[in-house]
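> just to be clear, the model below is a prediction. Sequence and coordinates:
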Amino acid sequence: MSIRRALSAIVLGGAAYGTSIGASTDATHALFSAAKVPLLLLGTALLCGLACRVLALFLGARLPPRAVLAATLCMHADLASMLASLSPAVLFLGRTMVQPHDDELGGYPAFLGSNMAFVAAAGVVAHVRQATTLLHAHAVPRAIARRVVVAWLAAALAVGGQLAFQLRPLFGIASLTGPVPFMLFDEPTATGARNFYEMVWQLVRNAAGYELRLVEPRRR
């Protein structure tokens, strides 16, 4: 896949997926998310492209910088394409879930958790496919290649997860506290999470039966 095609896939696929998740709230949120998901994917690809080159060298795989950056872009293009294919199902889930209201989150935690699982699964498939192809093309020994793939996946999770947190709101819960802002940056979530990992922990606890609640319930 050429770099131009990869960029096009990231922008178009990310916009389709962003629209589907933002539409769980309203048209404004759908428009914001359609712009932010491609930014998220492109930002993660560029940051990981730099980090992955360093990680590969550290683990003993000498790869051309351009090849690593191209592979990283292709990884995120694959991810965007897979997420775009899920957009109709995600739109259906978002529009039919029990909507958050007052101090009740309704079906929002399940909707958010499902989409995080979709992104994680698609991301693993995309990264393993593109990384394996690149490492095989440059004759990297299998043992080193496995370590590189794991390190690249960890880097993508760390960078992409926290960048997604900075770009909130993507899924709609901010609509409980008034007009939808474009970005919330470091502001805590409505449930009190201050980073991506704390948000994941809250969702895990919610799935285990601990009810997730708003920290400061507000009405429109």
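Okay, I see it.
> what's the weakest-modelled helix or strand in this protein?
Least confident element among the helices and strands of the chain, by mean pLDDT, DSSP states H and E: helix 196-207 (a mean of 89).
> that one packs against which elements?
Secondary-structure packing of helix 196-207 (3 or more C-beta pairs under 8 Å, 6 or more residues apart in numbering; DSSP states H and E): helix 108-137, helix 142-166. (Each C-beta comes from the backbone N, C-alpha and C, glycine too.)
> report the buried residues of that helix.
If you call a residue buried by 16 or more other C-beta atoms under 10 Å, then helix 196-207 has these buried ones: 196, 199-200, 202-203, 206.
> then stretch 85-95?
Applying 16+ other C-beta under 10 Å to stretch 85-95 flags 86-87, 90-91, 93-94 as buried.
> pLDDT weak spots in the chain?
Scanning the chain for pLDDT under 70 picks out the ranges 172-180, 216-220.
> try it again at 90.
Residues of the chain meeting the criterion pLDDT under 90: 1-4, 24-29, 49-50, 95, 97-109, 168-194, 199, 203-220.
> settle this for me: residue 127 is touching residue 156, isn't it.
Yes. Proximity of residue 127 to residue 156 meets the contact threshold set by C-beta atoms under 8 Å, at 6.1 Å.
> helix or strand for residue 139, just tell me which one.
Assessed by DSSP states H and E, residue 139 sits outside every helix and strand.
> neighbours around residue 14, how many?
27 (other C-beta atoms under 10 Å).
> residue 55 versus that one, what's the distance?
As judged by C-beta to C-beta, to the nearest Å, residue 14 and residue 55 stand 24 Å apart.
> which residues do residue 127 and residue 156 both contact?
Common neighbours of residue 127 and residue 156, using C-beta atoms under 8 Å, 6 or more residues apart in numbering, are residue 75.
> tell me which residues in stretch 144-157 are buried?
For stretch 144-157, the neighbour count (16+ other C-beta under 10 Å) marks 145, 147-149, 151-153, 155-157 as buried.
> assumed residue 25 was part of a strand.
No. Read with DSSP: H, G, I helix; E, B strand; the rest coil, residue 25 is coil and lies in no strand.
> list the contacts for residue 115?
Applying C-beta under 8 Å, 6+ apart to residue 115 gives the contacts 21, 90, 171.
> any chance of the residues you listed in TSV, plus distance to residue 121?
What follows is these, written out as TSV (distance: C-beta to C-beta, whole Å):
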residue	distance to residue 121
21	16
90	13
171	17
